[in-house]
Each structure stands twice: as structure tokens, then as C-alpha cells.
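Asks: one predicted model, sequence on top.
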Amino acid sequence: MGRRHTNLFQKLLKFDELLIVREKSQSKPQTRSPVFRINYYPPRGDNKEGWDAIDIFGWLDYKMQIKIDFMCRDSILAAPLVLDLALFMDLAQRAKMKGVQEWLSFYFKAPQTAPELYPEHDIFIQLMKLKNTLRHLKGEDLITHLGLEYYD
């Protein structure tokens, strides 16, 4: 995520602030989501740094805070995903699977499907499709969540 994404998030944050002002004017209780901001810092390039603070209660109920500073590189975060995709695409080719590999949508922000199908964006359903496809290729029973196996 570079400068383009930062501008988008800044616009979203301003929109969020407008909602907060609107809430105040309507005398509703305030509910504010955590602050989220990405700043582009040229010396770091596309490397990312994230901060977070977790509020806790310590001994004798004193308010305390755990602060986290996370620095990472996009390429290091993406490498295992790319490796998984390469291995799964090789598996699909060996299994003679052709066309769009919808079962790999778990790995993509914008899942691809056959033209007549609607793309599934629910990450848990995407993961289930991935697991069930791997089970199918191995010849195992698919996970159905019907619970019928408990009543045999």
C-alpha cells in the first residue's frame, strides 16, 4: 500500500469524522472506531509500520497500556502467500483442473469466478472452499456442517 491507498484512507477517516460530528449534533451516544491512518514515509518506501495501544487494568485496577510497534516488509508478508499459490496452481494443473480456480479466492482481494457465478467475498466461506477442494482432490469426505455424522 503506497501513497494512493494513504489518500483513500485519509478520505475515509474524514468521512468517519463527519459521521461523528453528525452523531453529536443528533445527541446520540458516541461510538468511535479506533483511529486508523497510513502515512507515506519516503525513506521507508513501501515498508509498513503499525502502532497499537491496548488498554488494560493492572494491579489494584490501575489503568495500564501495552504499546505495540510492528515494522514489516510487504515482500516478506507476501512471500508465503505466493508460494502457496504456486504450489496450489501446480496441484490444479496436475489434477487437470482448467479455467478459473475459484477455490483459490481465499488468496485474492478480488476473487475471480466463471462469468455466470457471483464472487464470494466471505473469507470463511472462501477458506471452506479451499479446504473442501483439497479434501476432494485427496478423495476425502467434504465438510458439510450438517452435523448428520453425529447421529449415525
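Replies: Cool, got the structure.
Asks: could you pull out the helices for this structure?
Replies: Under the criterion DSSP state H, helices of the chain are mapped to 3-25, 74-94, 123-138.
Asks: would you mark the buried spots in the shortest one?
Replies: Applying a neighbour-count criterion of 16 or more other Cβ atoms under 10 Å, one finds 126, 128-130, 132-133 buried in helix 123-138. In short, each C-beta sits where N, CA and C put it, glycine included.
Asks: closest one to D55 out of the residues you listed, please.
Replies: Taking Cβ to Cβ as the measure, Q126 is the one of those closest to D55, at 32.7 Å.
Asks: these two touch, right, that closest one and S105?
Replies: Yes: using Cβ atoms under 8 Å, Q126 is in contact with S105, at 4.9 Å.
Asks: could you pull out the residues contacting both of these two?
Replies: Common contacts of Q126 and S105, defined by Cβ atoms under 8 Å, 6 or more residues apart in numbering, comprise 111, 120.
Asks: next up, the contacts around the residue nearest the centre of the chain.
Replies: Taking Cα atoms, centre = their mean as the criterion, I123 is the residue nearest the geometric centre of the chain, at 7.6 Å. For I123, the contacting residues are F106, by Cβ under 8 Å, 6+ apart.
Asks: many thanks, we can stop here.
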